[in-house]
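K.L.:
Fold the following for me, if possible:
(2 chains)
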Number of protein chains: 2
Amino acid sequence: MNNAIKIAVDAMGGDGSPKKVIDGIIHHFQNNKNTYYQIFGDEEKILPCISSDLPKDSFKIIHTTEFVKGTDSPLEGAKRGKKTSMWLSVESVKHKQSDIVISAGNTGALLVISKLNLKMIENIDKPALSALWPNKKSMSVVLDLGANIECSAKNLIDFSIMGSSLFKSLYPNNTSKVALLNIGSEEIKGHEIIKETYQKLSESKNLDFEFKGYIEGNQLMNGDVNVIVADGFTGNVALKTAEGTANFITGELKKAMTGNMLGKISSLLNISNLNKFKKRLDPRLYNGAIFIGLDSPVIKSHGGTDYIGFSNSLSVCTKIISGNLIDKIRKNIN
Amino acid sequence: MNNAIKIAVDAMGGDGSPKKVIDGIIHHFQNNKNTYYQIFGDEEKILPCISSDLPKDSFKIIHTTEFVKGTDSPLEGAKRGKKTSMWLSVESVKHKQSDIVISAGNTGALLVISKLNLKMIENIDKPALSALWPNKKSMSVVLDLGANIECSAKNLIDFSIMGSSLFKSLYPNNTSKVALLNIGSEEIKGHEIIKETYQKLSESKNLDFEFKGYIEGNQLMNGDVNVIVADGFTGNVALKTAEGTANFITGELKKAMTGNMLGKISSLLNISNLNKFKKRLDPRLYNGAIFIGLDSPVIKSHGGTDYIGFSNSLSVCTKIISGNLIDKIRKNIN
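P.N.:
Numbering: from 1, shown residues only, chains lettered A, B, ... in the order given. Sure thing, here's the model as predicted:
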């Protein structure tokens, strides 16, 4: 398995682990035979979850009984030391034993442990947390989602480059179109930092992407751009507001559709269409976040997702490595 | 009509004006007989829209042929001078000839003209743009939505007080529960200004509302709080992202539900439930924004709404005056 993509998997993070994680690996392996999983965690708990669908030469378990808790503060998580499944899996990437690392555990601790172990990509000042969002046409990359509350123009330009490289790793046949999240589309709108970023990106000649200027919150899901850049405060508020709105609307819809017998019957009749709708919005499709800017990408799966969601995050890992994300960023950052 | 609520109405702003505006007035008057409308605009265009449903002693037309265009920049709008329907209607409030002013025209120009003509409420540093949002239980007031890109802790505290007073004017039987929009619920999260605001509000003893700490974007619509405070940049991004997400989801739903014959038939069967759902999310129910902090409130109806939406904004005017909004703010700001 020398040319296999090697993924370091923290098996002990998130709800229902390690079973959810191992089921996710088995599911992912069906369509990604050329993968080797280095699984970090409690062997006694992991082994019973593994089935014959996962050949013995496709994985290795690195045993440890220590792990970061979901309730730990970022620093508490890091202070649990070098024997936690999270630390060991990040270290595996640091020592080039794995190509990429994934965890469904404590986000804050994962960011701290990653920053402690991995180097920044040269000329990138701050790493960013990015994620995928559905839009009318396909998917967008959005960053930063909360790693950096305050950002300079240089940071936002770095995020544009990293976001574009990430988009192209995931969707190799598409052009990346980058926009800055702002409160108006005119050049004069917004705060000083965003205007400075706009100015610099507009004047830049060697961009690896189309710079599309500003985008407002109500256009985020139109699909006219596919990389959306914001400081971590704004990006986090936007992402979570979208999540809250989606939950609110689907909740109201459910109430309306099943409020009486006629509603229930006609919803039953329409079940295949409703399922299509549900599938389109299935949060497992864009599960997890990608921490970029370090010399190896770090993938955070949502703690509450199931094995399908975890498997989708493993697919993101595979695409990032096949797409040479880090090389792409290095090439464009100078 | 001495004790009637006097509303200054800019009849020339927004799509489909003045017909939409006059139809809105007629609709509003059905349930608000104790209202007197001072209508500013082109008499020749307004008169044909007025029907016998609006008694002659319930309105007055103040004729002008000048008006602010939707495409004007805020300053261009203001520079059109003192004879535009927008300027005259704001001036009517300044001269105490009306209690409140409403326009469906150019938002930026309305803010500038209002600031030029009206005084700030004593001890309020900056006025804010607020709006109503649906939540699982009822409605919330959210502010600032873009009037102030950068805000101090003092501004955010002012917004809390103004938002709470607005909520109580609109919903006199409810307790107002105020939260700051942030990227986490723990005390240590967020930037310095929001932390300072949290600290001061937590220590404050004479608050007219329950201070509920921080709220994240995904909880905005839970209904646990009913006044949500943010700087204008964050608030604008949140509002517009919610709008974009709602449009995206209802669009996807429509596609799924009408994609084939079975979908169409069962949707038809379920039409009363779907209408209930549509009604619950009808943007006309929470049409418009409220500019507060000046010594008279200024109401901005959405330019694209219809007469029902405009009528709902007129109801907001009525409630704000009956609820003594400005007195409430004055009482609490010291």
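K.L.:
per-residue confidence for A:Asn3?
P.N.:
Note on A:Asn3: pLDDT of 83.
K.L.:
got a list of what it touches?
P.N.:
Going by CB atoms under 8 Å, 6 or more residues apart in numbering or on different chains, A:Asn3 touches A:Asn34. C-beta: built from backbone N, CA, C; applies to glycine.
K.L.:
count of residues packed around the closest residue to chain B within the stretch 51-200 of chain A?
P.N.:
Closest residue of the stretch 51-200 of chain A to chain B, CB to the nearest CB: A:Ile183 (4.1 Å). Residue neighbour count, defined by other CB atoms under 10 Å in any protein chain shown, stands at 23 for A:Ile183.
K.L.:
surely it meets B:Gly235?
P.N.:
No. Contact between A:Ile183 and B:Gly235 fails when scored by CB atoms under 8 Å: they sit 9.0 Å apart.
K.L.:
So for stretch A:110-124, what gets flagged as buried?
P.N.:
If you call a residue buried by 16 or more other CB atoms under 10 Å in any protein chain shown, then stretch A:110-124 has these buried ones: A:110-115, A:117-118, A:121, A:124.
K.L.:
could you dump those to JSON lines with pLDDT, distance to B:Ala104 and secondary structure?
P.N.:
Formatted as JSON lines, the buried residues of stretch A:110-124 follow (pLDDT from 0 to 100; distance: CB to CB, whole Å; DSSP: H, G, I helix; E, B strand; the rest coil):
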{"residue": "A:Leu110", "pLDDT": "95", "distance to B:Ala104": "49", "secondary structure": "helix"}
{"residue": "A:Leu111", "pLDDT": "93", "distance to B:Ala104": "47", "secondary structure": "helix"}
{"residue": "A:Val112", "pLDDT": "94", "distance to B:Ala104": "51", "secondary structure": "helix"}
{"residue": "A:Ile113", "pLDDT": "97", "distance to B:Ala104": "54", "secondary structure": "helix"}
{"residue": "A:Ser114", "pLDDT": "96", "distance to B:Ala104": "51", "secondary structure": "helix"}
{"residue": "A:Lys115", "pLDDT": "95", "distance to B:Ala104": "51", "secondary structure": "helix"}
{"residue": "A:Asn117", "pLDDT": "96", "distance to B:Ala104": "57", "secondary structure": "helix"}
{"residue": "A:Leu118", "pLDDT": "96", "distance to B:Ala104": "54", "secondary structure": "coil"}
{"residue": "A:Ile121", "pLDDT": "96", "distance to B:Ala104": "50", "secondary structure": "coil"}
{"residue": "A:Ile124", "pLDDT": "95", "distance to B:Ala104": "47", "secondary structure": "coil"}
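K.L.:
got JSON lines for those residues, with distance to A:Lys20 too?
P.N.:
Below are the buried residues of stretch A:110-124 laid out as JSON lines (distance: CB to CB, whole Å):
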{"residue": "A:Leu110", "distance to A:Lys20": "17"}
{"residue": "A:Leu111", "distance to A:Lys20": "22"}
{"residue": "A:Val112", "distance to A:Lys20": "24"}
{"residue": "A:Ile113", "distance to A:Lys20": "21"}
{"residue": "A:Ser114", "distance to A:Lys20": "22"}
{"residue": "A:Lys115", "distance to A:Lys20": "26"}
{"residue": "A:Asn117", "distance to A:Lys20": "25"}
{"residue": "A:Leu118", "distance to A:Lys20": "26"}
{"residue": "A:Ile121", "distance to A:Lys20": "31"}
{"residue": "A:Ile124", "distance to A:Lys20": "32"}
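K.L.:
wait, what's in contact with the residue of the stretch 51-200 of chain A closest to chain B?
P.N.:
Applying CB under 8 Å, 6+ apart to A:Ile183 gives the contacts A:189-190, A:216, B:146, B:149, B:232-233, B:236-237, B:240.
K.L.:
Is A:Leu116 located within a helix, as I assumed?
P.N.:
Yes. Counting by DSSP: H, G, I helix; E, B strand; the rest coil, A:Leu116 is part of a helix.
K.L.:
what's near enough to touch it?
P.N.:
Counting by CB under 8 Å, 6+ apart, A:Leu116 touches A:Ala78.
K.L.:
distance of A:Met257 from chain B?
P.N.:
The spacing between A:Met257 and chain B, counted by CB to the nearest CB, to the nearest Å, is 6 Å.
K.L.:
what residues do A:Ile183 and B:Gly235 have in common as contacts?
P.N.:
B:Gly146.
K.L.:
What degree of burial does A:Ala147 show, as a neighbour count?
P.N.:
Neighbourhood size, A:Ala147 [other CB under 10 Å]: 25.
K.L.:
now swap in the one 5 residues further on and tell me
P.N.:
The number of residues packed near A:Ser152 is 15, by other CB under 10 Å.
K.L.:
Surely it and A:His191 touch.
P.N.:
No. The criterion here is CB under 8 Å, and A:Ser152 misses it with A:His191 at 11.9 Å.
K.L.:
Next, the closest residue in space to A:Trp133 that isn't next to it in sequence: phi, psi?
P.N.:
Leaving aside its chain neighbours, A:Trp133 sits nearest to A:Ser140 (4.8 Å; criterion: CB to CB, 6 or more residues apart in numbering or on different chains). Per-residue torsions, A:Ser140: phi -120, psi 150 (degrees, to the nearest 10).
K.L.:
Return the distance of A:Ser140 relative to A:Val225.
P.N.:
For A:Ser140, the distance to A:Val225 (CB to CB, to the nearest Å) stands at 7 Å.
K.L.:
same check, this time on A:Glu243
P.N.:
20 Å.
K.L.:
For the helix or strand that A:Leu166 is a member of, C-alpha coordinates in CSV please.
P.N.:
A:Leu166 belongs to helix A:153-170 when assigned by DSSP states H and E. Extracted C-alpha coordinates of helix A:153-170, given in CSV (Å, rounded to 0.1, in the frame of the first residue of the first chain):
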residue,chain,number,x,y,z
ALA,A,153,-6.2,42.4,4.8
LYS,A,154,-3.2,40.1,4.5
ASN,A,155,-5.1,37.4,6.4
LEU,A,156,-8.2,37.8,4.2
ILE,A,157,-6.1,37.6,1.0
ASP,A,158,-4.4,34.4,2.4
PHE,A,159,-7.9,33.0,3.1
SER,A,160,-8.9,33.8,-0.5
ILE,A,161,-5.9,31.9,-1.9
MET,A,162,-6.3,29.0,0.5
GLY,A,163,-10.0,28.8,-0.1
SER,A,164,-9.5,28.8,-3.8
SER,A,165,-6.9,26.0,-3.6
LEU,A,166,-9.2,24.0,-1.4
PHE,A,167,-12.1,24.4,-3.9
LYS,A,168,-10.0,23.3,-6.8
SER,A,169,-8.7,20.3,-4.9
LEU,A,170,-12.3,19.2,-4.2
